[in-house]
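Asks: Got a predicted structure plus its sequence, pasted below:
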Amino acid sequence: MSGLKGKKMREVDITRGIVEKHARDFYEILESDVVIVGAGPSGLVAGGYLAEAGRKVTVLEKKLAPGGGIWGGGMGYKYVITQDEARHVLEDFKIEFERVDTDLLAVDAIGLASGLISEAVKRGVRIFNLITVEDLMVSDGRVRGVVINNTFALMNNFPVDPLTIEAKAVVDATGHSHDIVRTLSEKNDVQLDTLTGKPMGERSLFAETAEKAVVTNTREVYPGLWVCGMSTAAVYGGYRMGPIFGGMLLSGKKLSGLLLDFLNESR
Ligand code: 48H
């Protein structure tokens, strides 16, 4: 049987195409401007704006599907809510919404997750799934990159040594788990830029205060390491907010501005 143009289809050519493309993409991001850990809403929005501004952005996601906590809506009901204040981010990422109250917009959770992923990729963000960031590169009082491993290897506790990616800025966008800041703090004798010098722990649900704090606490927590989204609550002792996502979107946008200033200054 011949292929579309009469050439015989060879399985090994399919494999070659995948291996070549993946290897080239991976090689190109080994030195990134920004590595964002976690492909939830805050990380995808931050990445999308940074890539639009021409920065080399890599997003690493440990799960199969990017999108983080968006997919499940509220308790499996397929909508999330955002405040009107975040409408411009929805519009920038071409996400549909419907007003359900004076200040509140309902957004189809699947539309939001797929729309953020799609727009981030179109803008040039390199998203790698099935990669877990298991550690950081830290020297001279600064985070200099991430230590990565294959999620399947880690799930099976296989003794597989990791690889590394260097970055001018690393972002903890890992949500509730705040994996990256937690790892930095547990493994090193460091003082974070928090009241206690350590991650302060997430508090119970108080939506309005929580939403404001997520944006306020989007910042550099240790030289070379920034936090955005839900991980800010765990790091700075903020409240949780339930299925309202405006704070996540605005946090990602704020972070992109902070990082663009940082990258422009350090250039
Ligand atoms: C690679 C990792 C690692 C790792 C985790 O949880 P997320 O959706 O993150 P945010 O902060 O953008 O959004 C939070 C929002 O989804 C939420 O949970 C809300 C609003 N909760 C309110 C409430 O009251 O509960 O996404 C984080 C992503 C996930 O996809 C993880 O799989 C991934 O980070 N991740 N990826 N290496 N070590 N740790």
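Replies: Sure thing, it's come through.
Asks: Report the buried residues of the helix or strand hosting residue 144.
Replies: Using DSSP states H and E, residue 144 sits within strand 142-150. Within strand 142-150, the residues scored as buried using 16 or more other Cβ atoms under 10 Å are 143-150. No exception for glycine: its C-beta is placed from N, CA and C like everyone else's.
Asks: How about stretch 257-267?
Replies: 258-260, 262-263.
Asks: Find the helix or strand that the most centrally placed residue in the chain is a member of.
Replies: Using Cα atoms, centre = their mean, the residue of the chain that lies closest to the mean C-alpha position is residue 43, 2.8 Å off. Using DSSP H and E, residue 43 sits in helix 41-52.
Asks: likewise residue 23?
Replies: helix 11-28.
Asks: Show the residue spans covered by the strands in the stretch 151-267 of the chain.
Replies: 163-172, 203-205, 219-222, 225-227, 239-240 (DSSP state E, counting those that start in this stretch).
Asks: on that earlier part again, moving along the chain from the helix holding residue 23, name the first helix or strand you hit.
Replies: Where DSSP H and E defines the elements, the next helix or strand beyond helix 11-28 is strand 31-37.
Asks: quick one: is that next one near the ligand?
Replies: Yes - Strand 31-37 reaches the ligand (Cβ under 6 Å from any ligand atom) through residue 37.
Asks: which parts of that strand are buried?
Replies: Quick answer for strand 31-37 (16+ other Cβ under 10 Å): 32-37.
Asks: by contact count, what packs against it?
Replies: helix 41-52, strand 57-60, strand 142-150, strand 163-172, helix 246-266 (3 or more Cβ pairs under 8 Å, 6 or more residues apart in numbering; DSSP states H and E).
Asks: Quick one: the ones you listed as TSV, columns for mean pLDDT and distance to the ligand too.
Replies: Putting the helices and strands packed on strand 31-37 into TSV (pLDDT from 0 to 100; distance: least, Cβ to the nearest ligand atom, whole Å) gives the following:
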stretch	mean pLDDT	distance to the ligand
helix 41-52	99	3
strand 57-60	99	5
strand 142-150	98	8
strand 163-172	98	9
helix 246-266	98	5
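Asks: how about the ones you listed, which one is nearest residue 182?
Replies: Nearest to residue 182 among the helices and strands packed on strand 31-37 is strand 163-172 (8.7 Å), distances taken as Cβ to Cβ.
Asks: partner strands of the closest one, parallel or antiparallel?
Replies: strand 31-37 (parallel), strand 142-150 (antiparallel), strand 225-227 (parallel) (DSSP bridges).
Asks: just checking, which of the strands of the stretch 151-267 of the chain sits deepest inside the structure?
Replies: strand 225-227 (a mean of 28; mean count of other Cβ atoms under 10 Å).
Asks: The closest residue in space to residue 121 that isn't next to it in sequence and the ligand: what is the separation?
Replies: Spatially, and ignoring its direct neighbours in sequence, residue 121 is nearest to residue 127 (6.4 Å; Cβ to Cβ, 6 or more residues apart in numbering). Here the criterion is Cβ to the nearest ligand atom, to the nearest Å. By it, residue 127 lies 11 Å from the ligand.
Asks: residues near residue 189, how many?
Replies: For residue 189, the count of nearby residues is 5 (other Cβ atoms under 10 Å).
Asks: Just the pLDDT for it.
Replies: Confidence at residue 189, expressed as pLDDT, is 96.
Asks: One more: residue 267?
Replies: So residue 267 comes in at 59 (pLDDT).
Asks: same question, residue 180
Replies: On the pLDDT scale, residue 180 gets 98.
Asks: Would you mind confirming that the residue nearest to the centre of the chain makes contact with residue 252?
Replies: Yes - using Cβ atoms under 8 Å, residue 43 makes contact with residue 252 at a distance of 6.7 Å.
Asks: residues contacting the closest residue to residue 195 other than its chain neighbours?
Replies: What sits nearest to residue 195 in space, not counting adjacent residues and going by Cβ to Cβ, 6+ apart, is residue 237, at 7.6 Å. The contact partners of residue 237, taken as Cβ atoms under 8 Å, 6 or more residues apart in numbering, are 194-195, 200-203.
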